[in-house]
Each structure stands twice: as structure tokens, then as C-alpha cells.
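Asks: coordinates only, no sequence provided:
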């Protein structure tokens, strides 16, 4: 079997995929754990062949292939992609945008312009930017770091939920993207192992139960909030999102 370099997001929401791919023949895959922005960069720079990458990069790729029927998506609340603030969104003057994200940054920008109809200053974030989410400064925080600040700010705007209120559609944050054609036999094995990983929800819930807090349930997150099937509604939502970029 051929071998490919694969980048996957090292967040709780992709732990099921990691579990599945760890069962793939080690000679067939070189698996790298990254954050979304790193996965995107590696895919764009041909440092990897496939990545669980932010959908915002699709328009930047001269050649791309969506190679799986699985994704990181949500139908409403997602919990780990939020704008946190001490004031209502209409009073926010500036938003620090998470440096680990691409799709979430674009989604926040679109929601500001077209849904909330506000014009805050949008600033690139930096390590430790959470300490500056005060007064009229808000911050977009994603992934596992968002879990740690749930319930700590007066206002939380869940971007998956806000998109659904606006468009009545699910949202897709990341899909499996290849920057070249991939061997069909290899892809079949790849997708089979992703499917096997998705059957291990209870295992992942138990493994990550240390993340449970009064404001966050790993079980609800894995079973209810993250939707892994790249179905027709999500494809429709992805096409719509692309028109706003």
C-alpha cells in the first residue's frame, strides 16, 4: 500500500479520527498532530498530502480534493468556537481573532458584517490574548482552549449557533482535503478507519473526562454538538459559506 503524510487537528473534536487512523498500517500513513492553522499551512505548502483542514482554504488551493464523507461540523451549537465578551456584541469595539483558526475567523467576520451588522476592529490575536478580553474588547477563542474559559465571561456567542439562526443550516469547520489525487485503494482504507474511529465515542468520552466542568460535558460535546457526517445539508452550507468569502 502507498504511504501519505496526513495532518490532523489535535483537538478533542478530532480525537475519534485520531483513534481510527492509529489503527492504519504505520507504513501507510505519517500522521502529524497540528492546530487548524498549521494543518492549513502544511497542506497549502505541500508539506502534507492530506489534512483535516479549515474549509476557508479551499478557494486558495489551485488543486484540491475532498476525500472523505466525514468532517468537523455542527447543527447549531458547537461550544468550542465562541466570541467571548463582557458586553453585548453590538457594544464590542474590537475583537481579537484566534491565531489558531482560519475558518472561524472568516465566519466571525461574515457574521459581524452580514448578520450582526457591526463594524468592530478585527485584530490578530497572540498568545495570552485572553487576558485582554475586557470592557469593549472581545475575543474569538476556538478548540480546547475555549473549553477552559466557558462560563468566565458575561457574554458568549457560539458561532455555530449564530450561523444556524441566520441561515437555518449546519456549518462545516473542517473537511478532509487532499492537494493531489490519492490512490483509491488507500483512500478506501483511510475512510474505513475514520468510520471505525467514530464508533469509539464512549472510549473518547472516558479518556477525556478530565475536561468535564460545570459548563462543559465531554459526552454531550462528542455525542450531540459535533456532527461528523459531511451530508448534503453541510455541502449546501459549505457552498453558501464560500460565496461570502
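Replies: Now that the structure is in, tell me what you want to look at. Computed from a predicted model, the values in this text were never measured in an experiment.

Asks: center of this structure - which residue?
Replies: Centroid-nearest residue in the chain: residue 173, 4.2 Å away (criterion: C-alpha atoms, centre = their mean).

Asks: so residue 58 sits against residue 242, correct?
Replies: Yes: between residue 58 and residue 242 there is a contact under C-beta atoms under 8 Å: 6.9 Å. (Each C-beta comes from the backbone N, C-alpha and C, glycine too.)

Asks: more neighbours: the two, which one.
Replies: Taking other C-beta atoms under 10 Å, residue 58 and residue 242 do not tie; residue 58 has more neighbours (17 against 13).

Asks: give me the nearest residue to that one, chain neighbours excluded.
Replies: Leaving aside its chain neighbours, residue 58 sits nearest to residue 64 (5.9 Å; criterion: C-beta to C-beta, 6 or more residues apart in numbering).

Asks: for residue 136, see how far away that neighbour is.
Replies: Applying C-beta to C-beta, to the nearest Å, the value for residue 64 to residue 136 is 39 Å.

Asks: so the two - more neighbours on which side?
Replies: Shown here are residue 64 and residue 136; by other C-beta under 10 Å, residue 64 has more neighbours (18 against 13).

Asks: ok, that one - contacts?
Replies: 58, 177-179 (C-beta atoms under 8 Å, 6 or more residues apart in numbering).

Asks: repeat the analysis, applying 10 Å as the threshold.
Replies: 43-44, 53, 57-58, 175, 177-180 (C-beta atoms under 10 Å, 6 or more residues apart in numbering).

Asks: wait, residue 186 touches residue 27, no?
Replies: No: using C-beta atoms under 10 Å, residue 186 is not in contact with residue 27; the gap is 11.3 Å.

Asks: what strand or helix carries residue 196?
Replies: Assigned by DSSP states H and E, residue 196 belongs to helix 184-198.

Asks: need the contact partners of that helix.
Replies: 1-4, 6, 14-25, 28-29, 49-50, 52, 65, 67-70, 176, 178, 181-183, 203-204, 222, 228-229.

Asks: mind giving me the domain ranges of this structure?
Replies: 4-74+170-234, 81-167 (automatic domain parsing).

Asks: I'd like these laid out as CSV, including mean pLDDT.
Replies: Output for the domains of the chain, formatted as CSV (pLDDT from 0 to 100):
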stretch, mean pLDDT
domain 4-74+170-234, 95
domain 81-167, 95
